[in-house]
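**Q** Predicted coordinates and the sequence they were generated for:
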Amino acid sequence: MSVKGQEAEEFVHAIAGAGGGVLSIALTYPLLTISTRLQAESKDKKEKKTFKQIVDEIVGKDGFTGLYSGLESAIFGMALTNFVYYYFYESTGRSIKRFRRKTQLNTVESIITGAIAGSATAVASNPIWVANTRMTVAKSNKSTISMMLKIIRDDGILALFKGLKPALILVTNPIIQYTVFEQLKNFVLNVQGNQSVLPPSWAFLLGAIGKLVATGITYPYITLKTRLHIVGDKSIDKRPEVTQGEGRVTALEIIKREGISGIYQGIGYKLVQSILTAAFLFYFKEGLVLWSMKALRVLRQLRLRSVNQKRIEISVQR
């Protein structure tokens, strides 16, 4: 395959990943709203609530659309996140395969590939997720750009990169997720034989398993990142020390104030949302890849026919 052909396939995976991410987040966003609000609030501010009580509270205050606060920024963020991640993942993975003269990545190679792709994605998408967290918690109807400009105006441009350290640590989440997924995918493809693309139904199942393992391990940092995203916004962050000009949040501080369970606040809803989002993402992404590959083949055939037709016409003219 030519270099251009390889780049085309990388863009296919990147675009398919972005499309799959948008569809998956749109389907599961209410669960993300619930888990984000639970992560953002200190445990000592409220009693434990049931799923129904939380939904009733949100709908009662903000209507049904309250469950979708910040959806626009989430879609924007998910599209960018997945495009960057899949482009770097496929590009890095292809380079490693070519260098090692292999057709599949082993566990270590999957981890290296995931680390490079995840780091690039964390830096590129952090400002959008800071804006999304504040919009979700504050129930804001601002656009993503408006919220980002407000954050810059109120807290400075560096505020858009709050939570970047735990976000970079959370690169381990997709590393774990995609390493589990890739190894299970390789196993399934080897068992089925003569297939290079995973069927969407298998992608759904393996994506769910990968995300279950990854989110369960990294959840404390997900909570910490959410808390850091709202630091400095006094309309959201109600901690006493905020009024005194101190906005520092650490995992140890959360554990000291709220106990171990405080850093696992909302994990049940997050697990369900993350697993469904990942499962739908892989399902839609692999399906879009299959469709895109077929479309590319058709376009290449049409282009080849067009080139051949022109050659024939030139030959006849001569």
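**A** Great, that's in hand.

**Q** Pass me the low-pLDDT residue ranges in the stretch 201-318 of the chain, would you?
**A** Segments of the stretch 201-318 of the chain classed as low confidence (criterion: pLDDT under 70) are 232-252, 261, 313, 315-318.

**Q** mind listing the helices for it?
**A** Under the criterion DSSP state H, counting those that start in this stretch, the stretch 201-318 of the chain carries helices at the ranges 240-243, 251-258, 267-317.

**Q** can you tell which of these is closest to E90?
**A** Minimum separation from E90 across these (C-beta to C-beta) falls at helix 267-317, 10.1 Å. For glycine as for every other residue, the C-beta is placed from the backbone atoms N, C-alpha and C.

**Q** on contacts alone, who are the packing partners of that closest one?
**A** Judged by 3 or more C-beta pairs under 8 Å, 6 or more residues apart in numbering; DSSP states H and E, the packing partners of helix 267-317 are helix 3-40, helix 71-100, helix 200-230.

**Q** next helix or strand past the host helix or strand of L149?
**A** Here L149, judged by DSSP states H and E, is contained in helix 144-155. Sequence-wise, the next helix or strand downstream of helix 144-155 (DSSP H and E) is helix 164-169.

**Q** Now do that following helix: everything it contacts.
**A** Residues lying outside helix 164-169 but in contact with it, judged by C-beta atoms under 8 Å, 6 or more residues apart in numbering, are 119, 122-123, 126, 129, 218, 221-222, 224-225, 228.

**Q** Pull the CA coordinates from that helix and hand them back as PDB.
**A** Once non-C-alpha atoms are left out, helix 164-169 reads as follows in PDB (Å, rounded to 0.1, in the frame of the first residue of the first chain):
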ATOM      1  CA  LEU A 164      -4.200  18.400  32.700                       C
ATOM      2  CA  LYS A 165      -1.900  16.500  35.100                       C
ATOM      3  CA  PRO A 166      -4.500  14.000  36.100                       C
ATOM      4  CA  ALA A 167      -5.700  14.000  32.500                       C
ATOM      5  CA  LEU A 168      -2.200  12.900  31.400                       C
ATOM      6  CA  ILE A 169      -2.200  10.300  34.200                       C
END
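
**Q** in it, what's buried?
**A** By 16 or more other C-beta atoms under 10 Å, the buried positions in helix 164-169 come out as 164, 166-168.

**Q** Please apply the same query to stretch 24-42.
**A** 24-25, 28-41.

**Q** Now flag whichever of those is closest to A79.
**A** Using C-beta to C-beta, I25 is the member of these that sits closest to A79, with 8.9 Å.

**Q** gap between the closest one and E72?
**A** With the distance defined as C-beta to C-beta, to the nearest Å, I25 ends up 11 Å from E72.

**Q** same check, this time on D154
**A** In this structure, D154 and E72 are separated by 20 Å, where distance is defined by C-beta to C-beta.

**Q** of these two, who's got more company?
**A** Looking at D154 and E72 with other C-beta atoms under 10 Å, you find the greater number of neighbours at E72, namely 18 against 11.

**Q** That one contacts T144, doesn't it?
**A** Yes - here E72 lies in contact with T144, judged by C-beta atoms under 8 Å, at a distance of 6.1 Å.

**Q** picking up where we left off before, indicate which one of the helices of the stretch 201-318 of the chain is closest to I111.
**A** Between I111 and the helices of the stretch 201-318 of the chain, the shortest gap by C-beta to C-beta is with helix 267-317, which sits at 17.9 Å.

**Q** so A117 sits right up against F83, yeah?
**A** No - when contacts are counted by C-beta under 8 Å, A117 is not listed as touching F83 (11.1 Å).

**Q** how far is whichever strand or helix holds A122 from where the chain is centred?
**A** Of the helices and strands defined by DSSP H and E, A122 is found in helix 107-138. The gap between where helix 107-138 is centred and where its chain is centred comes out at 7 Å by C-alpha atoms, centre = their mean, to the nearest Å.

**Q** okay, the angle between that helix and helix 71-100?
**A** Using axes from the mean of the first three to the mean of the last three C-alpha atoms, to 10 degrees, the inter-axis angle of helix 107-138 relative to helix 71-100 is 170 degrees.
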